[in-house]
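**Q** Fold the following for me, if possible:
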Amino acid sequence: MRVLVGRITERPFGRTAGLAALFLWTAWGHADLAVAQDRVFVSSSRLLIGVQANRSASVRAGDVDGDDDVDLVVANGRHWPGQNLVFLNQSRARFNVARPLGRDLCTSYACELADLDGDGDLDVAVGNDQAPSRVFLNDGTGQFRFHTNLGQPRSVRSLSIADIDGDQDMDLILTCRGSANPIYLNNGSADFQHASDFGTREDSTIDVAVVDLNEDGRLDLILANRDDQPNTILLAEDPGNSAKDTVRFGAPVAFGTAESSRAVATADFDGDGHMDWVVGNIGAANVVFLGDGTGGVSREIKIGRQDGQTFCIAVADLDRDGRPDIVAGNQGQPNVVCYNRDNAGRFVTQLFGPNQSATYGLCVGDFSGDGYPDIAIANSDQQNQIFVNQPARQ
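**A** Residues are numbered from 1 along each chain as shown. Model (predicted):
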């Protein structure tokens, strides 16, 4: 049985005292040999998801069948029609039951889970490339039925769910490469109205994070853009006397340097009470931006390789030390966990998975039921798999 474990660095430093030796990335992006990390991420043939490699682009986790363990939804296809799938966890990260999500093969890039119709279970929204994006409603047992299409076909690359208009139901925010990005507002029953667009058809927006950056009670947008376009922040504005079901943003504010970005995720990395964010880049280091509570940036921290190839990002407290850590999914490089060592911008990096990863999407959840977050990987033309969070050998 082949076992893949969290490894050391980009170079073969081996193991130290049975633990994973790691790099410490400082606020200036330099690497120093760090103290050993006591957690590793382990996979095996038992932890493969499904029986074959697909062109998977996204994976999301949640308890869709109400049995108190964490299941998976995988979006397949990208530019080519594929079957989206639901995988039910049979306890301890055993995904032995799979169901198709919908009848049609779709060019899917994104999927997200949330209670869209207010009945207490998790529904699914799927973002498709040059085909209508779709909503599927859950009957509470993990059986999903098609509910509605979302507008006209667009080149969707990511999909986020949040109550962006503050009316206590979950709305949909899509990003589209080469077209404006639509917002669909929920009426509470999973019927969605196209409220507005942000950006233009010249934009190459790949991902969006929805979060209150300036602490005014309204949700703002952080956009990750490709094709050397600057990443931008859109701060929400009071719609005033505008028509109901209106969401309004100010002019885009660029941050960082213009790079080819693929992913963005948020957390309070420095523990100051203000929201921060991390951006995954292609051909450059990933960057943590520390927010100042007004929508601005107080500090930038480069992490990982200077020639990184990050396609997806997730954030979770992987070692349960009270600080949010970062998982980066890469193309042509190992995937990386960046452990947040303190509130001063120091991150320890640990590699996992194959040297030539093909990871388009990932998510974090306690699939094994031991209280520690594990990692699910969605690969394109490699088999999807789970990496279980385990103690390192002493």
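
**Q** What is the least confident helix or strand in this protein?
**A** Lowest on mean pLDDT, DSSP states H and E among the helices and strands of the chain sits strand 31-33, with a mean of 35.

**Q** Between the two ends of stretch 74-93, how far is it?
**A** 15 Å (Cα to Cα, to the nearest Å).

**Q** Report the buried residues of it.
**A** Neighbour counts over stretch 74-93 (16 or more other Cβ atoms under 10 Å) mark 74-78, 81-89, 93 as buried. Quick note: C-beta positions are derived from backbone N, CA and C, even for glycine.

**Q** Which two of those residues have the greatest separation?
**A** Using Cβ to Cβ, the pair of those lying farthest apart is Pro81 and Ala93, separated by 29.0 Å.

**Q** which residue sits closest to Arg341, ignoring its sequence neighbours?
**A** Val348 (5.5 Å; Cβ to Cβ, 6 or more residues apart in numbering).

**Q** is the one you found in a bridge, and if so with what?
**A** For Val348, the beta-bridge partners under DSSP bridges are Leu24, Tyr339.

**Q** Equivalent analysis for Ile375, please.
**A** Val364, Phe387.

**Q** Which residues are in contact with it?
**A** 41, 314, 327, 337, 352, 362-364, 386-387, 389 (Cβ atoms under 8 Å, 6 or more residues apart in numbering).

**Q** Counting neighbours, what do you get for Asp169?
**A** 18 (other Cβ atoms under 10 Å).

**Q** so the residue nearest to Arg341 makes contact with Cys338?
**A** Yes - using Cβ atoms under 8 Å, Val348 and Cys338 qualify as a contacting pair, with a distance of 7.1 Å.

**Q** Look at Arg46 and give its secondary structure.
**A** Under DSSP: H, G, I helix; E, B strand; the rest coil, Arg46 falls in the helix class.

**Q** picking up where we left off before, tell me which of the buried residues of stretch 74-93 fall in strands.
**A** 74-76, 85-88 (DSSP state E).

**Q** pLDDT and distance to Gly166 for those residues - can I get that in TSV?
**A** Formatted as TSV, these follow (pLDDT from 0 to 100; distance: Cβ to Cβ, whole Å):
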residue	pLDDT	distance to Gly166
Val74	99	31
Ala75	99	28
Asn76	98	34
Leu85	98	34
Val86	99	31
Phe87	98	34
Leu88	98	34
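
**Q** any idea which of those is closest to His194?
**A** Once Cβ to Cβ is applied, the member of these that ends up nearest His194 is Ala75, at 21.5 Å.

**Q** To what extent is the residue nearest to Arg341 buried, counted in neighbours?
**A** 24.

**Q** Could you do the one 5 residues further on as well?
**A** Burial of Gly353, expressed as a neighbour count using other Cβ under 10 Å, amounts to 26.

**Q** cool, the one 4 residues further on as well?
**A** Number of residues near Ser357 (other Cβ under 10 Å) recorded here: 22.

**Q** Which helix or which strand is home to Leu290?
**A** Element membership of Leu290, judged by DSSP states H and E, is strand 286-291.

**Q** which strands and helices sit next to that strand?
**A** Secondary-structure packing of strand 286-291 (3 or more Cβ pairs under 8 Å, 6 or more residues apart in numbering; DSSP states H and E): strand 276-282, strand 297-303, strand 325-330.

**Q** Pairing partners for the shortest one, with directions?
**A** Right, strand 325-330. Note on strand 325-330: by DSSP bridges, its sheet partners are strand 310-316 (antiparallel), strand 335-340 (antiparallel).

**Q** so which of those gets nearest Val97?
**A** So among the strands paired with strand 325-330, strand 310-316 is nearest, using Cβ to Cβ, at 24.3 Å.

**Q** quick check: mean pLDDT across that closest one?
**A** Per-residue pLDDT values over strand 310-316 give a mean of 98.

**Q** Show me how far it is from its chain's centre.
**A** How far strand 310-316 lies from its chain's middle: 5 Å, per Cα atoms, centre = their mean, to the nearest Å.

**Q** Quick one: low-confidence residue ranges for the stretch 201-350 of the chain.
**A** Scanning the stretch 201-350 of the chain with the threshold set as pLDDT under 70 gives 241-245.
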